[in-house]
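*Asks:* any chance you could fold what I've pasted below:
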Amino acid sequence: MKLAITIGDIYMFKLFKAMTAAFLLIFICGSVSYAEIGGFELLINVPIGAGITVVEKNVPVAGNPKGGGNFQIGLEANVGYMFQIRDDMGVSLLGSLGYDFTGFNYSKNNKSEIYKASINDIYLGFYPKFNIKGFSIGINVGAKFTLPSRLNYESSSYSKSITYMSEPRTYIRGVFNYSIFFKDNMAVNVGLYIGYDWGFSWSDNLTRINVIKDESYGNVDIGVQIGYRLGPKF
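*Replies:* I've put the predicted structure just below:
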């Protein structure tokens, strides 16, 4: 069996290495005292979770499509400012930049046709959150931009692998974290998230694999995340 490596796969791998190196550099630099910076806040998280694909009823789709479960992992940086209300309470306004991998899949015609995709996204978002006594709760909302990804179609008589691209799409995610401080301005973050991604959409009719233009699917996400926090203690 031969493994096909595309330009998109190479690009995604290089981008992931570059982001990892940048975040490690930031982590090392965090050993410098940031007390005089005031409310500057930096979060670096690794979210790991599962999801369920949801059929969006925007156009009539034959074959009674059914969503399947999937796996997700990513790497995310949040940078912004925490406005201190009192010693143990504050409000943060952060911007998000991240990479996300989703093993998206669904089926048609009683699972006789299977669609499996490895979706690679870069995303940008806005993340306001409320912090109190080590706990924080917030909403991260923004847009995802799909890198060249692979989708595999399988039926009893035909199979095909194609390069998949999508228009930018919206996501929303509720996030709950707890910060375990090991210095006044440094902590390990552990948390949970639940969210939804809109608009895994087809831009063309592909008769051979039973796809019509504009049929689209969403994804419900739930998972855990662990990370590093640099910023004022609360």
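
*Asks:* to which secondary structure element is the residue nearest to residue 66 when sequence neighbours are not counted assigned?
*Replies:* Using C-beta to C-beta, 6 or more residues apart in numbering and skipping residues adjacent in sequence, the residue nearest residue 66 is residue 107, 5.3 Å away. In short, each C-beta sits where N, CA and C put it, glycine included. According to DSSP states H and E, residue 107 maps onto strand 89-108.

*Asks:* name the SS class of the residue lying farthest from the centre of the chain, please.
*Replies:* Residue farthest from the centre of the chain, counting by C-alpha atoms, centre = their mean, is residue 157 at 34.3 Å. Classification of residue 157 using DSSP: H, G, I helix; E, B strand; the rest coil returns coil.

*Asks:* distance-wise, check it relative to residue 96.
*Replies:* 44 Å (C-beta to C-beta, to the nearest Å).

*Asks:* got it, and residue 54?
*Replies:* 23 Å.

*Asks:* one more: residue 204?
*Replies:* 31 Å.

*Asks:* between the two, tell me which one has more neighbours.
*Replies:* residue 96 (20 against 8; other C-beta atoms under 10 Å).

*Asks:* looking at the residue nearest to that one when sequence neighbours are not counted now. What's its pLDDT?
*Replies:* Spatial nearest neighbour of residue 96, excluding adjacent residues (C-beta to C-beta, 6+ apart): residue 125 at 3.8 Å. Per-residue pLDDT puts residue 125 at 96.

*Asks:* where does this protein dip in pLDDT?
*Replies:* 1-38, 165 (pLDDT under 70).

*Asks:* can you get me the start-to-end distance on stretch 193-211?
*Replies:* Separation of the first and last residues of stretch 193-211 by C-alpha to C-alpha, to the nearest Å is 32 Å.

*Asks:* chain neighbours aside, what residue packs nearest to residue 98?
*Replies:* Here the residue nearest residue 98, using C-beta to C-beta, 6+ apart, is residue 76, at 3.5 Å.

*Asks:* so which helix or strand takes in that neighbour?
*Replies:* Judged by DSSP H and E, residue 76 forms part of strand 69-86.

*Asks:* give me the buried positions along that strand.
*Replies:* For strand 69-86, a neighbour-count test (16 or more other C-beta atoms under 10 Å) marks 70, 72, 74, 75, 76, 77, 78, 79, 80, 81, 82 as buried.

*Asks:* returning to that earlier point: distance of the residue farthest from the centre of the chain relative to residue 112?
*Replies:* 10 Å.

*Asks:* wait, what's in contact with the residue nearest the centre of the chain?
*Replies:* Taking C-alpha atoms, centre = their mean, the centroid of the chain lies closest to residue 100, which sits 4.0 Å from it. Residues counted as contacts of residue 100 (C-beta atoms under 8 Å, 6 or more residues apart in numbering) are 47, 72, 73, 74, 119, 120, 121, 122, 123, 144.

*Asks:* tell me how many other residues crowd the closest residue to residue 213 other than its chain neighbours.
*Replies:* Leaving aside its sequence neighbours, residue 213 sits nearest to residue 205 (C-beta to C-beta, 6+ apart; 5.0 Å). As a burial measure, residue 205 scores 11 neighbours (other C-beta under 10 Å).

*Asks:* bridged to residue 83, which residues?
*Replies:* Following DSSP bridges, residue 83 is listed with bridge partners residue 91.
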